[in-house]
Structure formats: structure tokens, C-alpha cells
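Enquirer: Got a predicted structure here, sequence first:
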Amino acid sequence: MSSLSWHEYSSKDELDHQLADFIAEQLSTAIAARGQAGIAVSGGRTPAGMFKALRVKELDWSKVVITLADERWVAPDHADSNERLTRENLLQDKAAKATFISQVSSVATAHEGQKEIEARLAALPSPLDVLILGMGDDGHTASLFPNAAELEAACVSDALCAAVIPPAAPHQRITLTLPTLAKARSVIVHITGDSKKALLQAALLEQKPATELFPIRRVLDKCNGLKQVFWAT
Ligand SMILES: O=C1O[C@H](COP(=O)(O)O)[C@@H](O)[C@H](O)[C@H]1O
């Protein structure tokens, strides 16, 4: 694996602000170099504070395309929706000018909706300039869940996204596939708490066939861009 650098902070607030500064700089650099920037953000409990710090940054948000690393197959106003989290916390203030690509539709299942989401994602700058990954307590990242029936296909797929039914977590999912995630120019793992730090460190040390590694490790192993962990206790 190419090298992974760690940035550790003594508070979540400091982490949120430092990470927001770093992302804003990367988006501005991408816009200067290529005229636009593409970023995929994660959902869950971790990113809200960082989103609030990022949304007020001075950059040309009209040139930024934002999507999700993964989405829960729920209505966009559902309490568990990653889109809702992103709209309420990131797509506000200056960042309201960004383009957002939603990864959910009104059809009943993620498997049925995958083709429509795939078509929408064709508008995403490729490769992504910035990818923010979370990590669950089970080592999943995006919605690449250990033991999901769709995991192996999503790790080698030519598609941009895949439908996944997590074996032990709520909601059907759409996730960017591992090849789509791994192409990102800059990958940031954004985690908090001692147990996630310990899990990530253990995942990075595992010596097993790829199919038995935690999904977070599988993604990081395939990334050739800049790789960093932003962590706070
Ligand atoms: O289900 C999900 O979980 C992960 C981790 O979330 P957290 O609540 O532990 O921060 C998240 O990265 C992913 O986007 C989300 O759909």
C-alpha cells in the first residue's frame, strides 16, 4: 500500500475545522487545475460538524460537484438519509451553490434504482478530486459491508455504483464501487474515537487474502492517490 499519513487532534471541533480547511484547499486546487472539482462525502454520525465548517469556505462552489460515497435507500427527508444530512449541514451558506448528485429515487429497492443512479453519476468529475470516507464499527466504508452478498461484485465492478443489502445494518444501500472510490486523487478517512482508531490500525496490519480484509483496508489498498486519516478522540 502507498503511504497513509495520520493527523490527530485533541477535540472533534479542532478536527472538523482542520479537515474543512484541508478539503477547501484541495477543492480550490482542483478548480484552478481543471476548472471544476468533484467530491464524494460520507454520511452517518461523524461528518456534520466538518460539513458546517466547510460550507462557509471561500471558494467557487458553483464549480463543485458533490455526491455521496454511499446512500441509505430511504426518502431524502428520512432521519437516516445521508442526503438529508448533507443538505442540512453542507449544502448551505456559500456551499449552497454547489451541484449535488442524489443517490436515491422513488423506486422500491436499491437494486431496481441502481441504473438510474449510475446514469446520474455520469455527471461526476472522474476521477473524484476528494473522497471523504467514514468507517463503521464493523470495518465497513461507504456501503461496502463485510459479508454482504454484493460485496465481491462491488469490489471489482466497472460500474460507478452498486446496490448493497447490508447483512446487519438497516436499509438497503447504494454505494460507489471500490474501483470508483479507489481512483480518487485524494482519500481522507474521517473517524473519531479510540475504538475506531484501534480498528483501523488493526485492519491496516492484517495479513490475509483481500477477500477476508475489512472493506476499509480493501479500499485503501487500491488507492494510489494521497491517503490520509483525520482522527480525534
Ligand atoms: O452507514 C454508514 O456508516 C458509515 C459510518 O458512519 P458513522 O455513523 O459511524 O460515522 C458512514 O461512513 C456511511 O456513509 C454511512 O452510510
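Expert: On my side now, so go ahead. Residues are numbered from 1 along each chain as shown.
Enquirer: List the buried residues in the strand or helix carrying Glu116.
Expert: Using DSSP states H and E, Glu116 maps to helix 110-121. Within helix 110-121, the residues scored as buried using 16 or more other CB atoms under 10 Å are 110-111, 113-114, 117-118, 120-121. C-beta coordinates here come from the backbone N, C-alpha and C atoms, glycine included.
Enquirer: Equivalent analysis for stretch 24-35, please.
Expert: 24, 26-31.
Enquirer: roughly how far out does that stretch sit from the chain middle?
Expert: In terms of CA atoms, centre = their mean, to the nearest Å, the centre of stretch 24-35 is set 19 Å apart from its chain centre.
Enquirer: contact partners of that stretch?
Expert: 36-39, 54, 57-60, 63-64, 125, 129-130, 185-186 (CB atoms under 8 Å, 6 or more residues apart in numbering).
Enquirer: which one among these gets closest to Val229?
Expert: Closest approach between the contacts of stretch 24-35 and Val229, by CB to CB: Ser186, at 12.5 Å.
Enquirer: Next up, the contacts around that closest one.
Expert: If you count contacts by CB under 8 Å, 6+ apart, Ser186 has them with 26, 129-131, 225-226, 228.
Enquirer: Out of the residues you listed, which sit inside strands?
Expert: Secondary structure assignment (DSSP state E) places 130-131, 226, 228 from those within strands.
Enquirer: Dump those residues into CSV; add distance to Asp80, pLDDT and neighbour count as well.
Expert: Below are these laid out as CSV (distance: CB to CB, whole Å; pLDDT from 0 to 100; neighbours: other CB atoms under 10 Å):
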residue, distance to Asp80, pLDDT, neighbour count
Val130, 24, 98, 25
Leu131, 22, 98, 29
Leu226, 31, 97, 16
Gln228, 28, 98, 17
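Enquirer: If we check the ligand, which of those residues are in contact?
Expert: By CB under 6 Å from any ligand atom, no member of the ones in strands among the contacts of Ser186 lies near the ligand.
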